[in-house]
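>>> quick one: sequence plus predicted model below, questions after.
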Amino acid sequence: MDATEMNRRTLARGAFAGALAASASPALAQDFGKFLERTARESLRKGLEPQAIERAFAGSRSGEPVPFRTADGWTLVAHRYKPTGQPRAAAPIVLCHGLTYNALFWDLDPACSPARHLAAAGYDVWSVNLRGCGLSQKWVWKLENAPTQLLGAAMRTVTKGKMAPTGYATVDPKFASWTLDDHIIRDVPAIVGHVRRVTGAPDVTWFGHSMGGIVAIAALSRYQNPGIGRLVAVGSQVTMPDGQIAGQYLNSILTGRELQLAGQLDAATALQAGEAAAQNMFFNIRNIDTKVYEALTGWATDVPSIGVMRQYMTLSSRGELLDARGQTSYARNLANLTVPALFACGAADRFAPPRVQQQLHAGAGSADKTLLIIGRAQGYQVDAGHDDALVGLNSRQQVYPTIERWIADRS
């Protein structure tokens, strides 16, 4: 599929997004309901194809799924990649995904896998699923809608019988709601604490993309450091000066979640609604492989909660990230972030653009801090976008070695 075909599909999905927004009215059109039914059947058929199963569990075979609990009773799952190269006497690396993604973001394809690259460099790598994402605990309208339900025996095989085929999906509505604060206050300490206990390491290197960097920045800025020794944040932000650009995309995802909660569509359909807006905001379409693009708009995705989306909507409208109560700004405590930090983004990133990274770099209290813009002016082959900064055509050759060297120099 070339760029022209991707754009054609995007226009079609844009029309679908409009229909989805219209369907939020009390009276759902009968023909639209039939369309959703056909879409669900087609999604199920594609999910059962051998290549879909192969892709969905590529990361699980390389990384052993490891469950653990947060202080408030949620089960999280990390995929552990033990060193495949000469083991280093270095801190383990935690990889944390962004908004609408899960742990498989870090291992989409052998040619595009930060997890495998770092494991081959000798690091103990932990790719984590935040609550509500991937195999971690999450609410689903029907248990058969859980993404791993299609894979049954495969899930049991890769976890040696330790994990159910649905991961920790549940129909209990208790697990339908959470906020960014939950990620920051509860998930980050649970993840860091578990990795330190298992490995015996005094601290970890936290490597986050987008929201995966935000939660660590916010934790280090406002709360006691749970044991993060170094921070790499790519495409992260606690300010959003051009929030109106993001508002349309965020609103489409919010609408999708509301319909999902009402049982009117499944997670895959909800995510498709925002895909048209996402393409221009998250990708330099000329810098991403077709397989990776399909994964990032399909099996490596999850629908965020209403609480998370409300905080993102506030970020886009107010220009700064506030806590769930709207009382405290995470952007005003950056001086408390004192660990060595690398702030990076693609030169063409529209969601967390270079000037946002400059604000992070200037505001952080770290004595050792680095600003990295991935673009032609800096010697890279392309001006990368928000996602393809890490999963682009040239990321493995140009970006991963740069970040790995930065980590190694501080290990």
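Arrived safely, thanks for sending. Numbering: from 1, shown residues only.

>>> backbone dihedrals for the residue nearest to Gly392 when sequence neighbours are not counted, both of them.
Nearest residue to Gly392, sequence neighbours excluded (C-beta to C-beta, 6 or more residues apart in numbering): Asn287, at 4.2 Å. Heads up, the C-betas are built off the backbone N, CA and C, glycines and all. Note on Asn287: backbone dihedrals following degrees, to the nearest 10 are phi -120, psi 30.

>>> surely Asn287 and His386 touch.
No - counting by C-beta atoms under 8 Å, Asn287 does not reach His386; the two are 11.2 Å apart.

>>> rewinding a little: neighbours around the residue nearest to Gly392, how many?
23 (other C-beta atoms under 10 Å).

>>> again with Gln224
Neighbours around Gln224, by other C-beta under 10 Å: 8.

>>> any idea how far Val303 is from the residue nearest to Gly392?
26 Å (C-beta to C-beta, to the nearest Å).

>>> same question for Arg196.
From Arg196 across to Val303, the span is 31 Å (C-beta to C-beta).

>>> ok, the two, which is more surrounded?
Neighbours of Arg196 and Val303, each counted by other C-beta under 10 Å, are more numerous for Val303; the result is 25 against 17.

>>> the residue nearest to Gln311 when sequence neighbours are not counted: neighbour count?
Excluding the flanking residues, the one nearest Gln311 by C-beta to C-beta, 6+ apart is Leu180, at 4.7 Å. Leu180 is flanked by 28 other residues according to other C-beta under 10 Å.

>>> same check on the one 10 residues further on?
Residues contacting Ala190 under the criterion other C-beta under 10 Å number 21.

>>> can you pull the contacts of it?
Phe68, Arg69, Thr70, Ala71, Leu76 (C-beta atoms under 8 Å, 6 or more residues apart in numbering).

>>> that one: which element?
helix 188-199 (DSSP states H and E).

>>> so which elements touch the very next helix or strand once past that helix?
Using DSSP H and E, the helix or strand that follows helix 188-199 towards the C-terminus is strand 204-209. The contact analysis (3 or more C-beta pairs under 8 Å, 6 or more residues apart in numbering; DSSP states H and E) places strand 204-209 against strand 93-96, helix 188-199, helix 211-222, strand 228-234, helix 400-409.

>>> may I see those arranged in JSON lines, with distance to Asp368 and mean pLDDT as well?
Output for the helices and strands packed on strand 204-209, formatted as JSON lines (distance: least, C-beta to C-beta, whole Å; pLDDT from 0 to 100):
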{"stretch": "strand 93-96", "distance to Asp368": "17", "mean pLDDT": "98"}
{"stretch": "helix 188-199", "distance to Asp368": "20", "mean pLDDT": "98"}
{"stretch": "helix 211-222", "distance to Asp368": "14", "mean pLDDT": "97"}
{"stretch": "strand 228-234", "distance to Asp368": "9", "mean pLDDT": "98"}
{"stretch": "helix 400-409", "distance to Asp368": "10", "mean pLDDT": "98"}
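
>>> give the contact list for the nearest residue to Phe105 once chain neighbours are set aside.
In this structure, Phe105 finds its nearest non-sequential neighbour in His97, 4.5 Å apart by C-beta to C-beta, 6+ apart. Residues near His97 by C-beta under 8 Å, 6+ apart: 103, 105-106, 127-130, 133-134, 209-212.
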